[in-house]
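# Sequence and predicted structure below; questions after.
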Amino acid sequence: MNNDTEVTNDFLKPLIDTIESNYVAICQSLLLKPDGSVDSAGDFVDIYGRAYNSKIIPNKVQPILSARGASMLVKKKIFFKLGKFDELFFVSFEDVDLGWKTWI
C-alpha cells in the first residue's frame with residue numbers, strides 16, 4: 001500500500017472500473033485519514049445484525065454492506081430508485097441505510 005495521501009489525476013479510475021465491470025451498484029475506495037491510517041474499508045454486518053466499519057485493508061475487491069459516504073461511488077439510477085439518502089438520518093448512517101436498501 002502506498003501511504004502517500006496525495007490525490008492523483010486517476011484516483012476515481014479503480015472505482016469506475018469496478019462499478020462498470022461487475023454487478024455492482026455502490027462501491028467505496030479505501031478511505032484514509034490525513035496521517036495515512038485507515039478510516040474505512042467499508043461497512044459490514046456482525047452476527048447480531050449491527051453495521052460496523054472495517055479498518056482492515058482488503059487485498060481484493062469484496063462485497064460490503066454499505067459504502068462510507070465520504071468515499072462512495074453509486075450508480076445514479078440506483079441512487080434515485082432507492083429514494084436517495086433518507087433525510088431522517090440527519091448527520092450519520094444515511095449511507096448505511098442506503099446500503100441496506102440496495103441489498104434488499
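Done, it's in.

# what sits against the residue most central in space within the chain?
Centroid-nearest residue in the chain: A67, 2.1 Å away (criterion: CA atoms, centre = their mean). Residues near A67 by CB atoms under 8 Å, 6 or more residues apart in numbering: I26, C27, Q28, G42, D43, L73, V74, D95, G99. For glycine as for every other residue, the C-beta is placed from the backbone atoms N, C-alpha and C.

# pretty sure the fifth one is touching L65, no?
Yes - if you go by CB atoms under 8 Å, D43 and L65 touch, sitting 4.7 Å apart.

# what do these two both touch?
In contact with both D43 and L65: A51, V96, G99, using CB under 8 Å, 6+ apart.

# Among those residues, which one has the most neighbours?
Neighbour counts for those (other CB atoms under 10 Å) peak at G99, which has 26 neighbours.

# ok, that residue to S92 distance?
13 Å (CB to CB, to the nearest Å).

# For Y23, the count of nearby residues, please.
5.

# by contact count, what packs against the helix or strand encompassing I78?
Assigned by DSSP states H and E, I78 belongs to helix 76-81. Helices and strands touching helix 76-81, as assessed by 3 or more CB pairs under 8 Å, 6 or more residues apart in numbering; DSSP states H and E, are absent.

# Average pLDDT for the helix or strand just after that helix, rounded please.
Heading C-terminal from helix 76-81, the first helix or strand you meet, by DSSP H and E, is helix 94-103. If you average the pLDDT over helix 94-103, you get 91.

# Who wins on neighbours among the contacts of A67?
Neighbour max across those (other CB under 10 Å) = G99, 26 neighbours.

# Give me the nearest residue to that residue, chain neighbours excluded.
Spatial nearest neighbour of G99, chain neighbours left out: S66 (2.3 Å); criterion: CB to CB, 6 or more residues apart in numbering.

# Counting neighbours, what do you get for that neighbour?
Neighbours around S66, by other CB under 10 Å: 25.

# Look up the residues forming beta bridges with it.
S66 forms beta bridges with D43, as assigned by DSSP bridges.

# Look up how far S21 lies from it.
Applying CB to CB to S66 and S21 gives a distance of 21 Å.
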